[in-house]
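S.K.: have a look; sequence and predicted model below, questions after that.
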Amino acid sequence: MRYHSPVPPIRVTTPAASYDVTIAPGALRSLYPRLRRLTAGNPPRTFVVTSPNIWALWHQALLESFPALHRPTALFLPAGEKHKRLAAIESLAQQLALAGADRDSLLLAFGGGVIGDVTGFLAAIYMRGIRYLGLPTTLLAQVDSSLGGKTGVNLAAGKNLIGSFHQPLAVFSDIDLLATLPPAELRSGLQESVKAGIIRSPSLLRYLEANADAVLAAEPAALTRVVTASVKVKAEVVSQDEKESGLRMILNFGHTIGHAIEAATHYRKLLHGEAIAWGMLAALNLSLSRGGITRKDFDRMVALVLRYGPPPLFRCDPARLVALTGGDKKVRSGRRAFVLATGIGSTEIAYDVTDAELLAATRAMFTHMRHTEE
């Protein structure tokens, strides 16, 4: 990919930590100098947590920026959501201990959302907390999961039920890394950008509508614009509400049913963004049925979700999906928090959504599915 002028770093400021998200082509090839600036001298003992496929594609570019004596040690986690479990945390922690990692060591999360969540959680609990840095390699990780400090792993009972808030030292999003993304991974990540537009940024939503061809063609300038606008949305929200006590819950738009879909399909049938796309369609149907959005805005937002899909089809009893929402971590004191759209760029949190309403919205989602199948 050709070089494009980097955008100014985006600052995330929370009670626990403040850090920059840098969006720039070539960031990987200049990683060591960037680490030196962050750590005021030679970086400490550094470990890269990554997957074998990411390492095969990009290890040379990463390692070339380090002097031979300071090259990081690579630790591997197999690709896939099924490896986002406590067993992986124990294995990686044991490897760190045997390699002599101490409280000054630094972890690099070099991969997609699973790598980022696992590495962040590992950093949060190894020796009661060490530093880590995000090097997201997928669009979904660059626009969403790499910032905000939500780390964790899955249980059989539900997604991300074990975890911790642990903010990174910094995030470096290298647009060049997106060049090797399969089309399905690109579209999956773009659904999180669609979400950002729906919940908080009408300008991002308009850009996604007007420039879909360039964005889906992975043109660097278009992707830089989308990543930057998406990160700004999340940075603003996280900076105001680090631990999801209020505003941050809007980032879960589409995730209640989306996570249920992932659980029902055993995390194997759909990519995360694909499941969230279906979840957003359910949420939009519920928003419409409650009178929160107009038919015009509903049609516009649904069309955008489908433009960046269509997400893959799957089969499941709608009642089972509703039942699975009971294990969602957004259930508090027995009340299910559900994010509803109230317009393009605005939302509300509803605690009184009934199972009957959710069932109707889920069935409407399957109606969309049947139409895409025709």
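M.R.: Looks like it arrived, so ask away. Residues are numbered from 1 along each chain as shown.
S.K.: pairing partners for the helix or strand harbouring residue 341, with directions?
M.R.: In this structure, residue 341 sits in strand 338-343 according to DSSP states H and E. In the sheet, strand 338-343 lines up against strand 346-350 (antiparallel) (DSSP bridges).
S.K.: elements contacting the very next helix or strand once past the partner strand?
M.R.: Per DSSP H and E, the first helix or strand lying C-terminal to strand 346-350 is helix 355-373. Judged by 3 or more C-beta pairs under 8 Å, 6 or more residues apart in numbering; DSSP states H and E, helix 355-373 is in contact with helix 255-264, helix 272-289, helix 295-307, helix 318-324. C-beta here means a position set from N, CA and C on the backbone, and glycine is covered the same way.
S.K.: relative to residue 351, which of these is closest?
M.R.: Judged by C-beta to C-beta, the one of the helices and strands packed on helix 355-373 that comes nearest to residue 351 is helix 255-264, at 12.1 Å.
S.K.: so what touches the closest one?
M.R.: Contact with helix 255-264 is made by 81, 158-159, 270, 272, 275-280, 282-283, 314, 316, 320-322, 324-325, 327-328, 330, 336-339, 358, 361-362, 365, as judged by C-beta atoms under 8 Å, 6 or more residues apart in numbering.
S.K.: mind listing the strands in this protein by residue range?
M.R.: Ranges of strands in the chain, per DSSP state E, are 10-13, 18-23, 46-50, 73-76, 106-111, 131-136, 150-155, 158-165, 171-173, 331-332, 335-336, 338-343, 346-350.
S.K.: format those as TSV; extra columns: mean pLDDT and mean neighbour count.
M.R.: TSV is the format used below for those (pLDDT from 0 to 100; neighbours: other C-beta atoms under 10 Å):
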stretch	mean pLDDT	mean neighbour count
strand 10-13	93	17
strand 18-23	94	20
strand 46-50	98	25
strand 73-76	97	17
strand 106-111	97	26
strand 131-136	97	26
strand 150-155	92	21
strand 158-165	89	17
strand 171-173	96	27
strand 331-332	54	12
strand 335-336	74	16
strand 338-343	96	22
strand 346-350	95	16
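S.K.: figure out which of those strands is closest to residue 302.
M.R.: Residue 302 sits nearest to strand 338-343 of all these, at 10.7 Å, using C-beta to C-beta.
S.K.: other residues contacting the closest one?
M.R.: 198-199, 249-250, 252-256, 283-284, 286-287, 290, 292-293, 297, 301, 347-351, 353, 358.
S.K.: likewise for stretch 312-328?
M.R.: Around stretch 312-328, the neighbours that count as contacts under C-beta under 8 Å, 6+ apart are 157-158, 161, 256-257, 259-261, 263-265, 269-270, 274, 278, 331, 336, 355, 358-359, 362-363, 365-366, 369, 372-373.
S.K.: if you set the cut-off to 6 Å instead, what comes out?
M.R.: Counting by C-beta atoms under 6 Å, 6 or more residues apart in numbering, stretch 312-328 makes contact with 157-158, 256, 259-260, 263-265, 269-270, 274, 355, 358-359, 362-363, 369, all of which sit outside it.
S.K.: buried among these? Need that as a selection in ChimeraX.
M.R.: For the buried members of those, the matching ChimeraX selection, counting by 16 or more other C-beta atoms under 10 Å, is:
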select :158,256,259,260,263,264,265,269,270,274,358,362,369
